[in-house]
Each structure stands twice: as C-alpha cells, then as structure tokens.
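Enquirer: need coordinates for the below:
(chains A and B)
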Amino acid sequence: GAGVSQTPSNKVTEKGKYVELRCDPISGHTALYWYRQSLGQGPEFLIYFQGTGAADDSGLPNDRFFAVRPEGSVSTLKIQRTERGDSAVYLCASSQQHTGSQYFGPGTRLTVL
Amino acid sequence: GQQVMQIPQYQHVQEGEDFTTYCNSSTTLSNIQWYKQRPGGHPVFLIQLVKSGEVKKQKRLTFQFGEAKKNSSLHITATQTTDVGTYFCAGRSYGGSQGNLIFGKGTKLSVKP
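Expert: From the prediction side, this is the model:
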C-alpha cells in the first residue's frame, strides 16, 4: 500500500508569513508524529497524535506552532509568523500503535527567507 | 530532560571493514529503536529492542541493548557500499509519553569501495 505522504515537498516563505504542512499517514495507522530535522541532526520530536487528539505536544517549540488531526487521519502542522530559525525539514511519521515502529514520510523542506 | 547521545558522529571505512555505532541514554529506556537514513532520504525503521541484554541480528547487522537499558550498539560486519547513510538510535524512557521518541544525532557512515 501507499506510504506516508507529505505535501508540499518544498516550501519557501518569507519571515512573518503563515504556513501549513500536510501529512497523509498510512491507512489504518492510529498514531501520527511530527518531527523537525535540521542539517546534521536527528529528528526532533514535536507532537504526537493518538487518533484525533494530541497525546503529547511537549515538543512544540512555542505557541506559533500548532497541529491538528480532525478526523484521525490527515494531519496539518501550522506555523504562524514564521522565523528564519524555523527553516528545517519537517517529517511526519505514522505507526499502528504508539509503541511500534514508525514509518516516515519524505518530509517537507521549509525555507524561511 | 532525557538525552540520547551517539558516537562516533562520522565513520569512514573501506568496503569490507566492520563498523560499530554506540548509543547512550541519560535515563533508563523502555525500548530503543534504530533507523537508517540514506543521503537525501527519510529515516527507515530497522529494529526495536525491548529486553535488557537483548541481541538481534539482521543479516550483517547486529543490534544490542545493554543490561541496564541505557545503552545500545549497532555493528555491521563486512560493510558494503549499500550501507552508506546515517544511523540513528531513538529511545523511549519510562514514565514519559509513550509516543515521545528521542533521537540521537546519528552516526554518518561512508564506505569507500
């Protein structure tokens, strides 16, 4: 079946703008995760959904970041008033259960000018 | 907070040589996972270790989980050019959110043919 998909693959925006990044998980996976990866670093946990609810959002850096998963499938990561430091690859992953292996999407490369 | 450290950061080997990367956590882990990320790609799940002292093998790859469940290692025997990539360990600690996976910075492996 299809893997995790993310759109767009690349996003270039200006400082101060609002962006939305979309993640479509593997069908049937109840757990969904967002990570941020900077060059030369490992993925940094942002938020984890179990079904429709955010079970752990402790990794969100500040209140400019918000994520939703209204129907328990597709998720959107929203970043307000973007800053240059937000530039990174944003990875989404899903799993059948929250303790299992995670399947990553190709990521969205966000560049804030 | 919990930290996961990996060494070495980089490893350059001649094809056919062995390779080992080490992972250490500041806290006791409930389980540890290993991922491989090819250049330009996304992390791909390799294995999960749960039990103290556990050893698992996948062809030329051997994974170990320490007795104290605070460290782990990945050993590759007779490296091939297809082994090129960055290897990440990622751990979950007891008491924290079960969805919160903390990644190390990774070990970047290059293999000279």
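Enquirer: parallel or antiparallel, which strands does the worst-scoring helix or strand of chain A on mean pLDDT pair with?
Expert: Here the helix or strand of chain A ranked lowest by mean pLDDT, DSSP states H and E is strand A:53-56, holding a mean of 88. When pairing is defined by DSSP bridges, strand A:53-56 lines up against strand A:44-50 (antiparallel).
Enquirer: contacts for the strand it pairs with next, please.
Expert: A:30-38, A:54-61, A:65, A:67, A:69, A:72, A:75, A:77, A:98, B:97, B:99-103 (C-beta atoms under 8 Å, 6 or more residues apart in numbering or on different chains). Backbone N, C-alpha and C define where each C-beta goes, glycine included.
Enquirer: among the residues you listed, the buried ones, what's the ChimeraX command?
Expert: Buried members of the contacts of strand A:44-50 can be picked out in ChimeraX with the line below, counting by 16 or more other C-beta atoms under 10 Å in any protein chain shown:
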select /A:30,31,32,33,34,35,36,37,54,55,56,57,59,60,65,67,69,75,77,98 /B:97,99,100,101,102,103
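Enquirer: quick one on the thing from earlier: could I have the least confident helix or strand of chain A exported to PDB, CA atoms only?
Expert: Taking Å, rounded to 0.1, in the frame of the first residue of the first chain, the C-alpha atoms of strand A:53-56 are listed here in PDB:
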ATOM      1  CA  GLY A  53      -6.300  14.000  20.000                       C
ATOM      2  CA  ALA A  54      -2.800  15.300  20.600                       C
ATOM      3  CA  ALA A  55      -1.500  12.900  23.200                       C
ATOM      4  CA  ASP A  56       1.800  14.800  23.700                       C
END
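Enquirer: quick one: the strands in chain A?
Expert: Under the criterion DSSP state E, strands of chain A are mapped to A:5-7, A:10-13, A:19-24, A:31-37, A:44-50, A:53-56, A:65-68, A:75-79, A:88-95, A:103-104, A:108-112.
Enquirer: with adjacent residues omitted, what lies nearest to the most centrally placed residue in chain B?
Expert: Ranked by distance to the mean C-alpha position of chain B (C-alpha atoms, centre = their mean), the top residue is B:Cys89 at 3.8 Å. Of all residues not flanking B:Cys89 in the chain, B:Cys23 sits nearest, at 3.6 Å (C-beta to C-beta, 6 or more residues apart in numbering or on different chains).
Enquirer: state the distance from the one you found to chain A.
Expert: Using C-beta to the nearest C-beta, to the nearest Å, B:Cys23 is found at 11 Å from chain A.
Enquirer: ok, A:Ser35 touching A:Ala93?
Expert: Wrong residue type there; residue A:35 is Tyr, not Ser. Yes. If you go by C-beta atoms under 8 Å, A:Tyr35 and A:Ala93 touch, sitting 6.8 Å apart.
Enquirer: how about the residues of chain A by chain B?
Expert: Within chain A, the positions lying close to chain B (C-beta under 8 Å from any C-beta of the partner chain) are A:31, A:33, A:35, A:40-45, A:48, A:50, A:55-56, A:58-59, A:91, A:93, A:98-107.
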